[in-house]
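1. sequence and predicted structure, then a few things I'm wondering about:
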Amino acid sequence: MARPGKYTLLALLPALLVAVTGLSFFFAGTTAGPSVSLLAETDKDSYAIGEDIIVTLYFVNSGDTEATFPSLSYRLDIEGLSGAVLLLDVDEVRQSEVTIPPSSAVLIDSYIWDQEDYDSNQVSPGQYTVHSSLFDYVLAGETAFQIG
C-alpha cells in the first residue's frame, strides 16, 4: 500500500528498479533504451472533508532513448477501506501516437475529485488509494492520501 506523500510506481522493467519521489529518480542496475513508468500524485497527502483532491498523472521516460506509444488513454480508480468509490476511464487524452523524449516526464492529465462516491455521497474519512493504468501499455501507478 502506498504511504501518504510518497508516490509509488509499479512497472515491470527488466534489470531496473525505479523508485520515484516527485520527479527525482534512483536507479539500481543499468539501462539502455527507453525505461518508462507511470507516476500518480496528489497535490497534498491529507484533505479536509469535502475538499477537492487533485490527482495528476505523468508518463516518465527515464531511459536514454525516446519512447513511442499509441496513446496516453488511462484508467483511474480510487478506493478506500470499504472498496472502490470512483472508476474513471479517460480515452480522449492524446489518442494519437505519443513520443516521450529521453530523461523526461510528460503530463498525461489532472483530475479533480470532489470526494463523492458513485451515488454522489460524500465519502467517509479515512485512507484512500488512487490506482492508475494506461490502456495501451502495461504500466500502473498509485499514491495514497488521507481524508478527515
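-> Here it is on my side, so go on. The structure displayed is predicted, hence computed values, not measured ones.
2. check what pLDDT the spatially most central residue of the chain gets.
-> The residue lying closest to the centre of the chain (CA atoms, centre = their mean) is Ala40, at 2.3 Å. pLDDT for Ala40: 94.
3. and it, what element?
-> strand 36-42 (DSSP states H and E).
4. strand partners (parallel or antiparallel) of that strand?
-> Its sheet considered, strand 36-42 pairs with strand 53-61 (antiparallel) by DSSP bridges.
5. so what's the gap between the partner strand and the chain middle?
-> Counting by CA atoms, centre = their mean, to the nearest Å, strand 53-61 is centred 5 Å from the centre of its parent chain.
6. dump the residue contacts of Gln127.
-> By CB atoms under 8 Å, 6 or more residues apart in numbering, Gln127 lies in contact with 4, 80-81, 144-146. Glycine gets a C-beta too; all of them are placed from N, C-alpha and C.
7. so how far is Ile54 from the residue nearest to the centre of the chain?
-> 11 Å (CB to CB, to the nearest Å).
8. what do you get for Gly148?
-> 18 Å.
9. do the same with Glu66
-> From Glu66 to Ile54 the distance is 29 Å (CB to CB).
10. pLDDT below threshold where in this protein?
-> By pLDDT under 70, the low-scoring segments of the chain are 1-34, 92-95.
11. run through the bridge partners of Ile78.
-> With DSSP bridges as the rule, Ile78 is bridged to Leu86, Val130.
12. residue contacts, it?
-> 55, 84-86, 113, 128-131.
13. please apply the same query to Ile112.
-> Contacts for Ile112 (CB under 8 Å, 6+ apart) come out as 52-55.
14. okay, strands next: where are they in the chain?
-> Under the criterion DSSP state E, the chain contains strands at 7-10, 17-21, 24-28, 36-42, 46-47, 53-61, 67-69, 74-80, 83-90, 98-100, 104-113, 126-134, 140-147.
15. neighbouring strands - and their directions - for the longest one?
-> Listed by DSSP bridges, the sheet partners of strand 104-113 and their directions read strand 53-61 (antiparallel).
16. the strand it pairs with versus strand 126-134: what angle between them?
-> Computed with axes from the mean of the first three to the mean of the last three CA atoms, to 10 degrees, the direction of strand 53-61 lies at 40 degrees from that of strand 126-134.
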